[in-house]
Structures are given as structure tokens and as C-alpha cells.
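Undergrad: with the sequence up front, the predicted model follows.
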Amino acid sequence: MDRRWREHRDSEGAVARRDQLRRRLATVIRRDDFEIPSLPEVAVELQRLVESSSANSNDALKVVQRDAQLSARVMRLACSPALRGAAPTTSLRDAVWRIGLRGLRDVAFAAALEQTFARGPLASRARDEAAHAFAVACGTALVARTLQISQDYAFLCGLMHDVGRLALLAALGSLSPQEQRWLHPEFVDALLDDFHEEVGARVLERWNLPPLTHGVAARHHDIGIEDSPTNRMRNAVAISDAAADCGAEARADRLVRLQAHDATLALSMPDILLERLLDVVDSAAEALG
Ligand SMILES: [Fe+2]
Ligand SMILES: [Fe+2]
């Protein structure tokens, strides 16, 4: 970082402006005046179908067909090693049938995160956050499946755990160009760290997603000790988050770190599952394409 920029960043005026910005943001969040974009219609409709007792793959196919980008993602996913059956997938109908209604809802929400929040000057950071969210979602789905934690919303809880970070990035990206000057990366990091759980829970409530998703997003950096469905899911998200966050370290060091994690102990996770978790979070990006 160049010296002049560092002096500008650390000047009294800059510190005062950032304090002011921080207080303003805190007030907006507490008053629930935080602007939350709506979800793409296709994700809303697929969630409605998942909750309806009479919906089937044909209903889902009609919804997916209306969105070319989502159709392409569904085809790619159906051709991925995780879902490819003995015969190749040649039609969208076949792909929809293979992925299933809940899986389609999950793919639509994964696409929606990027579509909804990756805009403006902080878009590339939002894209990194969306990729992290997808890796954590895949990890949480694996942990839930293996430890018999409710699977219905495991992927979604992992996907949405940091949605508050995305919402905050979008809000900061919409500040005036003058205010953008005060947003150096360390300041943005501190804001996201401090506010993202609270903002995330509000986003998910506003989107009418199941209470389990808000409960997890609201406190996913705490380990739940008491045995309850929310705590088990929160711990599954926490360990997947830790696995996705230590990607730059050597594999053996990552494993040691996960073995010592409080969520591993709370869930009694065997080493073989931790190894598998590392594989899943590392290969998540390829799965969605
Ligand atoms: Fe987080
Ligand atoms: Fe995270």
C-alpha cells in the first residue's frame, strides 16, 4: 500500500468519517430500515413447490424452463460426477428428475445469491462470498447426511449462513462515490464481521425462509453445546465454514485444525468424515461450474 494512501487512510478526518459511517449503518440495522433486495421469482416459486405437498417434477420443470441461466446450471449439475448416472443426461426433463425438487430449489438459491448481490463496486468480493457460501452449503449437506441431521434445509442453512455479508457488501456498494473513498478493505472486513449475523437473520426473515435458516445465520460463529436441531445444524455449518476457510493451508494442517474444532467435538465427527468434508468443500466450485 502506498505511503500517501496509508496516511490518508489513517488521518483523523478519515477515522471520524468511518466512525460516522459505522454508526449510521448500526442505526439503520437496529431500526430494521436496512434495504433488502427481493429474491428472484424462480427461487421463490421453487421454494413454494418444495413446501407444497402436491408438487412434482413436472411443476418444477415448468419453472426451471422459464430461466435459461438456471436451466444451463441444472444441466451442468446433472452431468457432474456427483449426479451422473449410468446413462448421460440429454434433456432438461431428465436433469430435473435426477436433481429432484429440493435440489432444484437449492441450485436456484445458489444462483440467486450471486444474481442478487454481486453488483456495483464491491461485486467481485460478493462473488467470492457467494463461492464460499456454496462450498459451505455442500459441506453442510454432507455432514447432515452422514450424521442424520435434518437434510431438508441443510444445504440452504450452509448457503445462507453468511448472507448478511453479501447484503452488507451490496449496501456499502450503493454509497455515494465520495463515501466509497473511506471504505478501505480492513474497515469493510470489520463491518462485515461485526454485523453480518444480525443482518443475515433479518434478510432470511424478510425472504420468509424457514426459522431454522434464521436461527443458524443469527449465531453461526457460536458453537451450540446443548443438543437441539438448531444447534446440530449450527455446528454442521460451523465445521463446514472452518473447512472452507482454511483452503490455503497444507492438507495435514487443515485436518489437525478441524480435529481440534469445538464443532467436531460437539458432533463427535470421525476423522474420515473430516477428510471427506475437505474433499467436498475443495471440489464445490467445480460442481456448480
Ligand atoms: Fe460468518
Ligand atoms: Fe462463512
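TA: Okay, I see it. Residues are numbered from 1 along each chain as shown. Ligands and ions are numbered 1, 2, ... in the order given.

Undergrad: when you work out contacts or count neighbours from here on, use the C-alpha atoms and nothing else.
TA: OK.

Undergrad: any idea how far residue 162 is from residue 193?
TA: Noted for residue 193: a distance of 10 Å to residue 162, by CA to CA, to the nearest Å.

Undergrad: more neighbours: those two, which one.
TA: Counted by other CA atoms under 10 Å, residue 193 and residue 162 do not tie: residue 162 has more neighbours, with 27 against 13.

Undergrad: so what's the more buried one up against?
TA: 129, 133, 196-197, 200, 217 (CA atoms under 8 Å, 6 or more residues apart in numbering).

Undergrad: so can I have JSON lines of those residues showing neighbour count, secondary structure and pLDDT?
TA: As requested, those are arranged in JSON lines below (neighbours: other CA atoms under 10 Å; DSSP: H, G, I helix; E, B strand; the rest coil; pLDDT from 0 to 100):
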{"residue": "129", "neighbour count": "21", "secondary structure": "helix", "pLDDT": "93"}
{"residue": "133", "neighbour count": "28", "secondary structure": "helix", "pLDDT": "94"}
{"residue": "196", "neighbour count": "24", "secondary structure": "helix", "pLDDT": "96"}
{"residue": "197", "neighbour count": "24", "secondary structure": "helix", "pLDDT": "96"}
{"residue": "200", "neighbour count": "27", "secondary structure": "helix", "pLDDT": "96"}
{"residue": "217", "neighbour count": "29", "secondary structure": "helix", "pLDDT": "96"}
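
Undergrad: and which of these is nearest residue 121?
TA: Using CA to CA, residue 129 is the member of the contacts of residue 162 that lies nearest residue 121, at 14.5 Å.

Undergrad: pLDDT score for residue 186?
TA: According to the model's per-residue confidence, residue 186 sits at a pLDDT of 88.

Undergrad: burial count for it?
TA: As a burial measure, residue 186 scores 9 neighbours (other CA under 10 Å).

Undergrad: coming back round to it: kindly reformat the contacts of residue 162 as TSV containing distance to residue 146.
TA: Compiled in TSV, those are given as follows (distance: CA to CA, whole Å):
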residue	distance to residue 146
129	26
133	20
196	29
197	27
200	27
217	22
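
Undergrad: I figured residue 29 hits residue 199, correct?
TA: Yes. Checked against CA atoms under 8 Å, the pair residue 29 and residue 199 is within contact range at 7.0 Å.

Undergrad: show me this protein divided up by domain.
TA: Split into domains by automatic domain parsing, the chain comes to 34-115, 118-289.

Undergrad: which one of the ones you listed lies closest to residue 14?
TA: Closest approach to residue 14 among the domains of the chain (CA to CA): domain 118-289, 6.5 Å.

Undergrad: CA atoms only for stretch 56-63, dumped as PDB, please.
TA: This file holds the C-alpha atoms of stretch 56-63, laid out as PDB (Å, rounded to 0.1, in the frame of the first residue of the first chain):
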ATOM      1  CA  ASN A  56     -44.000 -32.900  -8.600                       C
ATOM      2  CA  SER A  57     -41.000 -32.800 -11.100                       C
ATOM      3  CA  ASN A  58     -43.300 -31.600 -14.000                       C
ATOM      4  CA  ASP A  59     -44.200 -28.500 -12.000                       C
ATOM      5  CA  ALA A  60     -40.500 -27.900 -11.300                       C
ATOM      6  CA  LEU A  61     -39.600 -28.400 -14.900                       C
ATOM      7  CA  LYS A  62     -42.100 -25.600 -16.000                       C
ATOM      8  CA  VAL A  63     -40.500 -23.200 -13.500                       C
END
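
Undergrad: what's next to that stretch, contact-wise?
TA: Taking CA under 8 Å, 6+ apart as the criterion, the residues outside stretch 56-63 that touch it are 42, 45-46, 49, 92-93, 96-97, 100-101, 104.

Undergrad: buried sites along that stretch?
TA: When neighbours are counted by 16 or more other CA atoms under 10 Å, the buried residues of stretch 56-63 are found to be 57, 60-61, 63.

Undergrad: any idea how far it is from the chain center?
TA: Stretch 56-63 sits 25 Å away from the centroid of its parent chain (CA atoms, centre = their mean, to the nearest Å).

Undergrad: swap in stretch 189-196?
TA: So, by CA atoms, centre = their mean, the centroid of stretch 189-196 is 15 Å from its chain's centroid.

Undergrad: pull the CA coordinates from it and hand them back as PDB.
TA: Provided in PDB are the C-alpha atoms of stretch 189-196 (Å, rounded to 0.1, in the frame of the first residue of the first chain):
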ATOM      1  CA  ASP A 189     -13.900  -6.600   6.900                       C
ATOM      2  CA  ALA A 190     -14.500  -5.300  10.400                       C
ATOM      3  CA  LEU A 191     -18.000  -4.100   9.400                       C
ATOM      4  CA  LEU A 192     -18.900  -7.400   7.900                       C
ATOM      5  CA  ASP A 193     -17.500  -9.400  10.900                       C
ATOM      6  CA  ASP A 194     -19.500  -7.300  13.400                       C
ATOM      7  CA  PHE A 195     -22.900  -7.000  11.700                       C
ATOM      8  CA  HIS A 196     -23.300  -9.900   9.300                       C
END
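
Undergrad: good, we can wrap up now.
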